[in-house]
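Undergrad: here is a sequence with its predicted model. Questions after.
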Amino acid sequence: MNRLEETLFFWRGHPQAEELKDHIGFIFTSSETDFIEALEENMDQLIRLMQEFVDWIEIEIKGLTLWDECSGS
């Protein structure tokens, strides 16, 4: 499991607000407050975004592998 998948697994476990400080850096206190106020919604959106990113990476890697196989590299 790579680091991105580990992070996605962490988020899917719906961590408590105090656990987030080890995984998210907030530049402004107000950003952290806003995030925590809508924690469930923000976590769901972040999980969706991360899963789409993982899926995209996998598709791109497969495409590159096929390209290498077809081009004889």
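TA: Done, it's in.
Undergrad: going forward, measure contacts between C-alpha atoms and count neighbours the same way
TA: Will do.
Undergrad: name the element Thr7 belongs to?
TA: helix 3-12 (DSSP states H and E).
Undergrad: repeat that for Arg48.
TA: Counting by DSSP H and E, Arg48 is found in helix 39-71.
Undergrad: what's the helix holding Thr7 packed up against?
TA: Other helices and strands packing on helix 3-12, by 3 or more C-alpha pairs under 8 Å, 6 or more residues apart in numbering; DSSP states H and E, are helix 39-71.
Undergrad: how much space separates Ile36 from Gly25?
TA: Distance of Ile36 to Gly25, given as C-alpha to C-alpha, to the nearest Å: 13 Å.
Undergrad: so the two - more neighbours on which side?
TA: Between Ile36 and Gly25, counted using other C-alpha atoms under 10 Å, Ile36 has the larger neighbour count: 17 against 10.
Undergrad: residues contacting the more buried one?
TA: Under the criterion of C-alpha atoms under 8 Å, 6 or more residues apart in numbering, the neighbours of Ile36 are Ala17.
Undergrad: in the helix or strand that contains it, which residues are buried?
TA: Taking DSSP H and E as the criterion, the element that holds Ile36 is helix 29-37. If you call a residue buried by 16 or more other C-alpha atoms under 10 Å, then helix 29-37 has these buried ones: Glu32, Phe35, Ile36.
Undergrad: now the helix holding Arg48, how far from the centre of its chain.
TA: Relative to the centre of its chain, helix 39-71 is centred 10 Å away, using C-alpha atoms, centre = their mean, to the nearest Å.
Undergrad: buried residues in it?
TA: Within helix 39-71, the residues that qualify as buried are Leu39, Met43, Ile47, Met50, counting by 16+ other C-alpha under 10 Å.
Undergrad: export those as a markdown table, with columns for pLDDT and distance to Glu19.
TA: Compiled in a markdown table, the buried residues of helix 39-71 are given as follows (pLDDT from 0 to 100; distance: C-alpha to C-alpha, whole Å):
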| residue | pLDDT | distance to Glu19 |
| --- | --- | --- |
| Leu39 | 90 | 12 |
| Met43 | 90 | 13 |
| Ile47 | 92 | 16 |
| Met50 | 91 | 18 |
